[in-house]
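Student: got a sequence here, can you build the structure:
(one chain, ligands or ions: 1)
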Amino acid sequence: MTIQLSRRKLLKLTALASAALALPALGQGVTQIGRGRTSYALGQIGGKTEIVAASSVPVICTYCSMGCSIDFYVAGNNIVWTSGSPDSYINWGALCPKGKAAFQLVDNELRVLQPMIRTGPKPPPDEILSANTWDELVAVVKKYPPQWRPATWEEALSYIASRISNILNSWRASTGQPKQKDGYYYLGAQVPIQIIGSSILTNEEAYLSKKLAVFLGTNNMDSQYRKCHSSTVSSLAVTYGWGAETASIEDVALADVVLFFSSPAEAHPLSFNYFLKGKKERGTIFITFDPRYSRTAMMSDIWVPFRSGTDAAVLLYILHYAFFERNPPIDQLPEFQSLMSRWNITGDDLADLKQLVQSYTAQEVSRITGVSPDLLRQVASIYVENSGVVTGHKKHGIIQWAMGFTQHTNATINIIRAAAIVQLLLGNVGYPGGGRTRSGATATSRAPPTSRDRATRASPAITRCPGARRWLGYTRTGSYRACPTLGIGRYRIGHRKSWGALSRRGAPLI
Ligand code: SF4
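Tutor: Just a heads-up that it's a prediction; the model follows:
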């Protein structure tokens, strides 16, 4: 007899079976639960096995911006098994070792389960700033060892409220700022309160933190997103009009060539599955720029070790090749003319740009980056020949980056703008398999909605942001979001089935 099982059903059954097999290992802990036990006959093997009912609790992995869905199988107070959610359209039942170990965030004797109030004094800022060496700094920290006492939530919340109230009252008294009649304070950067969030906040928490800031009258809000991708957001916003990525993670499986400027195989392991899918099914060419021989480099067709921080020169050479070495130059192709009108590029704009990239010859870029001119030419030729502008949009390339690319001192003005402009001029934006993907550091949501983030929040691109997709997917509603800018209906959230239909090339992605 042949048993027909979908991949999803198989993964679910496997997870349940694994949970059942793991239960005996819990020994006494499980025996005490004593509920929902069932004996199952083992068929041809003979005998019976006892299975304790476990319920599945869906959570989101907090470790990287993939935001994989995890199912914790819980019996009583114990997590007895962890598996990737087979319903997730991000990780499809798989987990990397970090996600697999996420149960340790719950089941960990070091976890603090109640608020703690500091009792020891903090090091005075003057003493910290007067330390001139590492040893002097360590001495200051050791002089004020942190001491804590446990508190109830009620005590902790009233402690926080009274501290905030005291700070605001003394600020108002010293500056003469009046409290407004409706109870709100004046908004301003001078208000001595700052709210700092991170991408670990859920969307609802981010929304409420902004509400709290407005109520307190401060516009001092910041987040981990500033160090993570502020260069990405500000560069893309001035180039494209919004600061988010132009390719969804599922799009990368349709790329014909990918330039990696990070190592997703290590930093965002399950995102790399999508790249590998493209490699397996359409032979996507992987080119990795990394001074290190990373796991991504290991899977690449070409690994280009280069001098760290010289990414912009590499990207400008790609344009130099396209305009000055290729025959015919891309600006003589009809597709380029239509791109110029699509992107509103004038002849003067193009002349300015060509003047800039003309000096980035292979020899000059080799001097800057340490890469041989031949290797630069090989890479540029592969990337340009597989671009939308050269192939009439039969092929496209993706530029992928993450931390590192974003954190050079010249990331905002030079590197990321160069990547964005390369993609625009090569016709790689706005098509499946083209664009840029950039992976963030942490999961779950956008940072608190500071004014800097507003464009991102308002943009339809947020429906392609892993955080937003994850949040929508978590509800498992299959809700629909159309992108009015890049093509109506390209993105449907939460429904695996619809993905194939979204691809212009007609091939189901998963
Ligand atoms: S790829 Fe990222 S989100 Fe997914 S399991 Fe690993 S660490 Fe967690």
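
Student: what is the neighbour count of the residue in the stretch 1-150 of the chain that the ligand sits nearest to?
Tutor: Residue nearest to the ligand within the stretch 1-150 of the chain: Gly99 (2.3 Å; CB to the nearest ligand atom). All C-beta spots, glycine's among them, are computed from the backbone N, C-alpha and C. Neighbourhood size, Gly99 [other CB atoms under 10 Å]: 27.

Student: determine the three-state secondary structure at it.
Tutor: helix (DSSP: H, G, I helix; E, B strand; the rest coil).

Student: contact partners for it?
Tutor: 61, 63, 68, 70, 82, 84, 91, 270 (CB atoms under 8 Å, 6 or more residues apart in numbering).

Student: residues of this protein that sit close to the ligand?
Tutor: 61, 63-64, 66-68, 91, 95-96, 98-99, 268-270, 443 (CB under 6 Å from any ligand atom).

Student: and the strands in this structure, which stretches?
Tutor: 37-41, 48-52, 55-60, 69-75, 78-84, 116-118, 148-150, 195-197, 221-223, 257-260, 285-289, 302-304, 397-401, 435-438 (DSSP state E).

Student: find the pair from the contacts of Gly99 with maximum spatial separation.
Tutor: With CB to CB as the measure, no two of the contacts of Gly99 lie farther apart than Thr82 and Leu270, at 14.6 Å.

Student: could I get the strands of the chain as CSV with mean pLDDT and mean neighbour count?
Tutor: Below are the strands of the chain laid out as CSV (pLDDT from 0 to 100; neighbours: other CB atoms under 10 Å):
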stretch, mean pLDDT, mean neighbour count
strand 37-41, 73, 11
strand 48-52, 78, 15
strand 55-60, 90, 16
strand 69-75, 92, 22
strand 78-84, 91, 22
strand 116-118, 94, 12
strand 148-150, 94, 12
strand 195-197, 87, 17
strand 221-223, 82, 21
strand 257-260, 96, 27
strand 285-289, 97, 23
strand 302-304, 97, 19
strand 397-401, 92, 28
strand 435-438, 76, 26
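
Student: got a pLDDT number for Ile249?
Tutor: Residue-level confidence at Ile249 comes out at 81, pLDDT.

Student: quick check, it in contact with Arg438.
Tutor: No: counting by CB atoms under 8 Å, Ile249 stays clear of Arg438, with 10.8 Å between them.

Student: quick check: closest non-adjacent residue to Arg118.
Tutor: Excluding the flanking residues, the one nearest Arg118 by CB to CB, 6 or more residues apart in numbering is Trp148, at 5.7 Å.

Student: in this structure that neighbour contacts Thr119, no?
Tutor: Yes: between Trp148 and Thr119 there is a contact under CB under 8 Å: 6.4 Å.

Student: ok, for Asn428, nearest residue in space, not its chain neighbours?
Tutor: Spatial nearest neighbour of Asn428, chain neighbours left out: Gly434 (3.7 Å); criterion: CB to CB, 6+ apart.

Student: check the gap between that neighbour and Ser300 for me.
Tutor: Remark: distance between Gly434 and Ser300 (CB to CB, to the nearest Å) = 19 Å.

Student: Asn273 now?
Tutor: 16 Å.

Student: what of Gly217?
Tutor: For Gly217 relative to Ser300 (CB to CB), the value is 52 Å.

Student: neighbours of Gln378, how many?
Tutor: Gln378, neighbours per other CB under 10 Å, totals 14.

Student: so what sits opposite the closest residue to it other than its chain neighbours in the bridge?
Tutor: Spatial nearest neighbour of Gln378, chain neighbours left out: Ile302 (7.2 Å); criterion: CB to CB, 6+ apart. Note on Ile302: beta-bridge partners by DSSP bridges are Ile287.
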